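Undergrad: below: sequence and its predicted model.
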Amino acid sequence: MKLLAPYNLAGLSLNSRVVMAPMTRSRAKDTVPDRSTAQYYRQRAGAGLIITEGSQISQEAQGYLFTPGIFSPEQIEGWKQVTEEVHKDNGKIFIQLWHVGRISHHSIQPEGKAPVSSVDTLAENTTCYGVAPNGQPGQVQVTRPRAVSPAEVSRLSQDFVSAARNAISAGFDGVEIHGANGYIFEQFINGGLNTRTDHYGGSIENRLRFLLETVDLMAEAIGSQRIGLRIAPFGRLSAMPPFADEKETWLAVARALSSRKLAYVHLSDQDSLCGNLLNREFLREFRDAYQGTLIFAGSLTKEVAEAMLSEGLIDLAAFGRPFISNPDLVERFAKGVPLAPFDRATFYGGDDRGYIDYPLYHG
């Protein structure tokens, strides 16, 4: 089975092609990973590669309460516990670096200010997890953002660089830039939203500038082989509108990244979230344009992943929700045993129930 074969990821030896996809779990009460976080990831160290939940690169980058950060000394120390535990079981782990941009609320922003974005357009009918009017945590309509200046765009890139350095000091094998789900990078890439008239808006080249400048600066800091990027072509999450040159934009991303020798590009198919299915034709075009390791995520089963690997469409297959309830997912795949069902009610927040109490298979 190709899915269970080892893989060389930019010099990092993976024991299989099964990737644990990044999944927000909202268990970091004070934004610091704790012992339960470490146990959660160590339980899943049998994955060929773990990509952690999104971790904000600054307070400004946060859009949801109880998500971990990677910008304070306490957060770095918390993540060190995680990487040490995963490495004890010979696991490999990247951290996902996250800036939500406009998908935030003033209640969790520094000094209660407006969040930042490419433009000052409100993400209508879109919520984040902030402090509700009654003073309690809850789902709230995101706040109208303010558009950043060109100088601030450069500062955002430097925030990603700092977070990448912090991640390496915390013991991570690499980092994944969160460029999907309507967060900060998509807010620049999306031609239906980005109406800027400076060199960060307008043409495809300009709309990709922030992403590529950030990638290049991070590569100088930690090495391109330690950097992955997650994107969601044709994504509609977080009020992302369609736009005229959408396909050409994403293929331009593929070509631009191909020469940068990253660890990987991670394609997220949002079909189960918003009906966005990446068809085989586009996947083949992207594959031809991007000469590097390609990860695919999107409600995969073992059988579908195996078929995509065999067709040569992808190199690694990422699984999300199955890893929540099956910490020994790779072993279950190998033995052909049933998968345990997950409990949606415990996906986000709460205590250790539905987090570190899913048992291993005993058959």
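TA: Now that the structure is in, tell me what you want to look at.
Undergrad: using the three-state scheme, assign Val175.
TA: What DSSP: H, G, I helix; E, B strand; the rest coil gives for Val175 is strand.
Undergrad: can you tell me how far it sits from Asp245?
TA: 29 Å (CB to CB, to the nearest Å). No exception for glycine: its C-beta is placed from N, CA and C like everyone else's.
Undergrad: who's more crowded, those two?
TA: Ranked by neighbour count (other CB atoms under 10 Å), Val175 and Asp245 place Val175 first, with 29 against 13.
Undergrad: that one reaches Met218, doesn't it?
TA: Yes. Using CB atoms under 8 Å, Val175 is in contact with Met218, at 7.4 Å.
Undergrad: the residue nearest to Thr121 when sequence neighbours are not counted: how many residues sit nearby?
TA: Distances taken as CB to CB, 6 or more residues apart in numbering place Leu193 nearest to Thr121, at 6.3 Å, with adjacent residues excluded. Per other CB under 10 Å, the neighbour tally for Leu193 reads 24.
Undergrad: Ser26 too?
TA: Around Ser26 there are 17 other residues, counting by other CB under 10 Å.
Undergrad: about what we covered before: which secondary structure element contains the residue nearest to Thr121?
TA: Assigned by DSSP states H and E, Leu193 belongs to no helix or strand.
Undergrad: over to Val82?
TA: For Val82, the host element (DSSP H and E) is helix 73-88.
Undergrad: and that helix, what's its mean pLDDT?
TA: The average pLDDT within helix 73-88 is 98.
Undergrad: and if you look at stretch 24-40?
TA: 97.
Undergrad: ditto for stretch 230-244
TA: 95.
Undergrad: change the start of the numbering to 34 and stick with it
TA: Yep, numbering from 34; the last one is stretch 263-277 now.
Undergrad: just the terminal-to-terminal distance for that stretch.
TA: 22 Å (CA to CA, to the nearest Å).
Undergrad: what's next to it, contact-wise?
TA: For stretch 263-277, the external contacting residues (CB atoms under 8 Å, 6 or more residues apart in numbering) are 55, 84, 129, 136, 156-159, 209-216, 219, 223-226, 279-280, 282-283, 286, 298-303, 306-309, 311, 315, 319.
Undergrad: where do the strands of the protein begin and end?
TA: Remark: strands assigned in the chain by DSSP state E are 40-42, 45-47, 51-53, 82-89, 126-131, 149-150, 160-164, 170-174, 179-180, 207-211, 260-264, 297-301, 327-330, 349-352.
Undergrad: between Val208 and Met251, what contacts are shared?
TA: Contacts common to Val208 and Met251, judged by CB under 8 Å, 6+ apart, are 197, 260.
Undergrad: number of residues surrounding the residue nearest to Glu238 when sequence neighbours are not counted?
TA: Distances taken as CB to CB, 6+ apart place Ala285 nearest to Glu238, at 7.8 Å, with adjacent residues excluded. Here the number of neighbours of Ala285 (other CB under 10 Å) works out to 18.
Undergrad: try the one 10 residues further on
TA: Around Leu295 sit 25 other residues, with neighbours defined as other CB under 10 Å.
Undergrad: Tyr323 is in contact with that one, correct?
TA: No. Using CB under 8 Å as the test, Leu295 is too far from Tyr323 to be in contact (9.4 Å).
Undergrad: hang on, the earlier thing: could you export the strands of the chain as JSON lines, including distance to Ile237?
TA: Listed next are the strands of the chain as JSON lines, based on distance: least, CB to CB, whole Å:
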{"stretch": "strand 40-42", "distance to Ile237": "29"}
{"stretch": "strand 45-47", "distance to Ile237": "32"}
{"stretch": "strand 51-53", "distance to Ile237": "29"}
{"stretch": "strand 82-89", "distance to Ile237": "26"}
{"stretch": "strand 126-131", "distance to Ile237": "24"}
{"stretch": "strand 149-150", "distance to Ile237": "19"}
{"stretch": "strand 160-164", "distance to Ile237": "29"}
{"stretch": "strand 170-174", "distance to Ile237": "31"}
{"stretch": "strand 179-180", "distance to Ile237": "20"}
{"stretch": "strand 207-211", "distance to Ile237": "19"}
{"stretch": "strand 260-264", "distance to Ile237": "14"}
{"stretch": "strand 297-301", "distance to Ile237": "17"}
{"stretch": "strand 327-330", "distance to Ile237": "21"}
{"stretch": "strand 349-352", "distance to Ile237": "27"}
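Undergrad: among those strands, which is nearest Glu246?
TA: Closest to Glu246 of the strands of the chain is strand 207-211 (CB to CB; 12.0 Å).
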